[in-house]
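Peer 1: What shape does this take:
(2 chains)
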Amino acid sequence: MQDFAQAFGLAFGLVFAADPDLLEIILLSLRVSLTAVLIACIVGLPVGTLVAMGRFRGRTAVIIVMNALMGLPPVVVGLLIYLLLSNAGPLGWLRLLYTPEAMIVAQAVLIAPIVAALSREVIEQFHNEYAEQFRSLSVPRHTAAGALLWDARYSLLTVALAGFGRAVAEVGAVIIVGGNIDHLTRVMTTAIALETSKGDLALALALGIVLLTIALSVNAAVMALRLTAARYAYA
Amino acid sequence: MPDAIPITQARASGRDGDTTGIVGEARGLVYAAGGKRLIDGIDVAFRDATRTIVLGPNGAGKSLLLRLMHGLLAPSAGEVRWQGRPLDDRGRREQAMVFQRPVLLRRSVAANIRFALRLHGRADNAEIERVLDEVGLADLAGQPARLLSGGEQQRLTLARALATNPRVLFLDEPTASLDPASTKAIEAIVQRAHARGTKVIFVTHDLGQARRLADDVLFLNRGRVTEHTPAERFFDRPSSAAAAAYLDDHLIRR
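Peer 2: Numbering: from 1, shown residues only, chains lettered A, B, ... in the order given. Purely as a prediction, here's the structure:
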């Protein structure tokens, strides 16, 4: 019990003292996950929009696959990216394995389906509402897609935040392709796993506190966005 | 008042319908869904710059006919022609439609007008102000469109429809859920558009409104045109039993 109390005390001490090692890990985590979210949005939003607006053969199958990919196990993604990026793999020449960039790729692959599938749902709702009016106005498809993305912006931001929440909290993919190398690829989740196994509960707890705070902040941001959208009748 | 226009006359008008005043027509129009012919072989011609009121009981096919004439739906058989040509995107840009339920972008009142004007390559602020002023919404230009009252929202959709000076304006029960004051405002805007030469095709269940607005009445029943006659004649002496029964039910016959 005393150990726990001591560990918590040390953890808060590290957080409030802005310990450089702790900061380095937090900043790398944010850099990796935010970049992954950005890439996932660049890929996922157009895919989601195309499927939402399109009427083509096999559309239902595509939606089923997109939804299924939302549940990709991080370790499987990590393994696949590892095989691609390892020296013997087709992208081995990029020499990305055990770099932050490899972690970004793994997280982007993990959350792009989430962004695509959730944005498809959001955009489709807007599309169903606007489609007849847009046809009446003879709105070109690219203009319609832009209008849908813009009008759905609050909902899509919550989609991006959901992707970020998933990325920043996952450990399986980044530990495989990043290797948890100190001062290079150590992020919050991999550090927590390592420090816990080493028995350094203070650092693990400090990182856990930060991770929880980020998770809470993300959820608070989602709620605030929803309220803002409702207040301005953009929902 | 225009007489009923036989379809043969519309055909005789050739490519440019203006010679006989025919702006649009449907020939052998059929729309089937779920094994039912919801529009069951309609031939109709519309005179330019007049106000055609479309009447008929629920399920008669009024809204469907509007959507087919405006090219929002593709017919199962038959064809729609405007100014002698099949309707394409360019042709539809000379038309506009107002739906029963206002569909507004999640943007400001002014941004909704700007969106429509941009599609026609004109979106300067003076033009937007003029359009909003026309429907009495200039003071609300910066408000989120979806926070307006129902009547204001419908005035905005009408303003958006008229912003690009359409040659044909379709209205599908635009005042169905509005109070009398909002209905009056909508009718006044439609009347002004008509006065500027816009062809109006207006679906309503409000026979008082039909009397106030109609030059001619197109009466539909079970997906067919039962009659298409000048308004005065329709309300005084409907020639079909279906129309007579419809008017009797609404207790407005003189």
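Peer 1: Could I get the pLDDT score of the residue nearest the centre of chain B?
Peer 2: Against the mean C-alpha coordinate of chain B, by C-alpha atoms, centre = their mean, the closest residue is B:Phe170 at 2.2 Å. In this prediction, B:Phe170 carries a pLDDT score of 98.
Peer 1: Spatially nearest residue to it, not counting backbone neighbours?
Peer 2: Distance criterion C-beta to C-beta, 6 or more residues apart in numbering or on different chains; nearest residue to B:Phe170, sequence neighbours excluded, is B:Met97 at 4.1 Å. From N, CA and C alone the C-beta is placed, and that goes for glycine too.
Peer 1: helix or strand for the one you found, which one?
Peer 2: B:Met97 belongs to strand B:95-98 when assigned by DSSP states H and E.
Peer 1: What residues sit buried inside the helix or strand following that strand?
Peer 2: Next helix or strand after strand B:95-98 toward the C-terminus (DSSP H and E): helix B:109-118. By 16 or more other C-beta atoms under 10 Å in any protein chain shown, the buried positions in helix B:109-118 come out as B:Val109, B:Ala110, B:Ala111, B:Asn112, B:Ile113, B:Arg114, B:Phe115, B:Ala116, B:Leu117.
Peer 1: How about the contacts made by the nearest residue to the second one once chain neighbours are set aside?
Peer 2: Read that as B:Ala110. Excluding its sequence neighbours, the residue lying closest to B:Ala110 (C-beta to C-beta, 6+ apart) is B:Ala141, at 4.2 Å. B:Ala141 sits next to B:Ser108, B:Val109, B:Ala110, B:Ile128, B:Glu129, B:Leu132 when contact means C-beta atoms under 8 Å, 6 or more residues apart in numbering or on different chains.
Peer 1: Residue 230: neighbouring residues, count only.
Peer 2: Just so you know, I chose chain A. By the criterion of other C-beta atoms under 10 Å in any protein chain shown, A:Ala230 has 11 neighbours.
Peer 1: sorry, should have said chain B
Peer 2: Neighbours of B:Pro230 under the rule other C-beta under 10 Å: 17.
Peer 1: Output the strand holding B:Met97 as CSV, restricted to C-alpha atoms.
Peer 2: In CSV, the C-alpha atoms belonging to strand B:95-98 read as follows (Å, rounded to 0.1, in the frame of the first residue of the first chain):
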residue,chain,number,x,y,z
GLN,B,95,-35.2,25.6,-63.4
ALA,B,96,-35.6,25.6,-59.6
MET,B,97,-37.5,23.6,-57.1
VAL,B,98,-38.8,24.3,-53.6
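Peer 1: still on that earlier bit, name the surrounding residues that touch the helix or strand harbouring the residue nearest to the centre of chain B.
Peer 2: Using DSSP H and E, B:Phe170 maps to strand B:168-172. Outside strand B:168-172, the residues within contact range by C-beta under 8 Å, 6+ apart are B:23-24, B:46, B:62-63, B:66, B:69-70, B:82, B:94-100, B:161-162, B:190, B:193, B:198-203.
Peer 1: pLDDT of stretch B:102-112, averaged?
Peer 2: Stretch B:102-112 shows a mean pLDDT of 95.
Peer 1: now stretch B:241-254
Peer 2: Average pLDDT, stretch B:241-254: 78.
Peer 1: Same check on stretch A:29-48?
Peer 2: Taken as a whole, stretch A:29-48 has a mean pLDDT of 98.
Peer 1: Run through who's touching that stretch.
Peer 2: Contacts for stretch A:29-48 (C-beta under 8 Å, 6+ apart): A:66, A:100, A:103-108, A:110-120, A:122-123, A:149, A:156, A:160, A:163-164, A:167-168, A:174, A:187-189.
Peer 1: And that stretch, what's buried?
Peer 2: The neighbour-count check on stretch A:29-48 (16+ other C-beta under 10 Å) flags A:29, A:32-37, A:39-41, A:43-45, A:47-48 as buried.
Peer 1: between the buried residues of helix B:109-118, which is nearest B:Gly41?
Peer 2: For these, the residue nearest B:Gly41 by C-beta to C-beta is B:Ala116; the value is 34.7 Å.
Peer 1: so where's the chain uncertain?
Peer 2: No chain was given, so I picked chain A. A:1-2, A:232-235 (pLDDT under 70).
Peer 1: um, chain B though
Peer 2: Across chain B, residues meeting the criterion (pLDDT under 70) sit at B:1-20, B:251-254.
Peer 1: Show me which residues of it sit near chain A.
Peer 2: Listed as neighbours of chain A in chain B under the rule C-beta under 8 Å from any C-beta of the partner chain: B:67, B:70-72, B:89-90, B:92-93, B:95-97, B:99, B:103, B:105-107, B:115-116, B:119, B:144-147.
Peer 1: Could you report the distance from A:Gly178 to A:Pro100?
Peer 2: Distance, A:Gly178 to A:Pro100, using C-beta to C-beta, to the nearest Å: 7 Å.
Peer 1: So for those two, which residue has more residues nearby?
Peer 2: Using other C-beta under 10 Å, the more surrounded residue of A:Gly178 and A:Pro100 is A:Gly178, with 26 against 20.
Peer 1: returning to that earlier point: could you dump the contacts of B:Ala141 to TSV with distance to B:Gly35?
Peer 2: As requested, the contacts of B:Ala141 are exported to TSV (distance: C-beta to C-beta, whole Å):
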residue	distance to B:Gly35
B:Ser108	45
B:Val109	44
B:Ala110	47
B:Ile128	47
B:Glu129	51
B:Leu132	46
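Peer 1: Report the two of those residues separated the most.
Peer 2: For those, the maximum inter-member distance is 13.0 Å, found between B:Ser108 and B:Glu129 (C-beta to C-beta).
Peer 1: The two: who's more crowded?
Peer 2: Neighbour count, other C-beta under 10 Å: between B:Ser108 and B:Glu129, B:Ser108 has more, with 17 against 14.
Peer 1: From what I see, that one and B:Ala145 are in contact.
Peer 2: Yes. Between B:Ser108 and B:Ala145 there is a contact under C-beta atoms under 8 Å: 6.4 Å.
Peer 1: Confirm for me that A:Ala116 is in contact with A:Asn67.
Peer 2: No. At 9.7 Å, A:Ala116 does not count as touching A:Asn67 under the criterion of C-beta under 8 Å.
Peer 1: give the contact list for A:Ala106.
Peer 2: Contact analysis of A:Ala106 by C-beta under 8 Å, 6+ apart lists A:Ala36, A:Pro74, A:Val77, A:Gly78, A:Ile81, A:Ala173, A:Val174, A:Ile176, A:Val177, A:Gly178.
Peer 1: Helix or strand: which one has it?
Peer 2: Going by DSSP H and E, A:Ala106 is part of helix A:100-136.
Peer 1: which residue ranges form the strands in the stretch 151-254 of chain B?
Peer 2: Secondary structure of the stretch 151-254 of chain B (DSSP state E, counting those that start in this stretch): strands located at B:168-172, B:199-203, B:216-221, B:224-230.
Peer 1: Reformat those strands into JSON lines and put distance to B:Asp40 next to each item.
Peer 2: Listed next are these as JSON lines, based on distance: least, C-beta to C-beta, whole Å:
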{"stretch": "strand B:168-172", "distance to B:Asp40": "20"}
{"stretch": "strand B:199-203", "distance to B:Asp40": "18"}
{"stretch": "strand B:216-221", "distance to B:Asp40": "10"}
{"stretch": "strand B:224-230", "distance to B:Asp40": "5"}
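Peer 1: Quick check: which of those is nearest to A:Thr213?
Peer 2: Minimum separation from A:Thr213 across the strands of the stretch 151-254 of chain B (C-beta to C-beta) falls at strand B:168-172, 52.6 Å.
Peer 1: mind listing what that closest one pairs with, with the direction of each?
Peer 2: Note on strand B:168-172: by DSSP bridges, its sheet partners are strand B:95-98 (parallel), strand B:199-203 (parallel).
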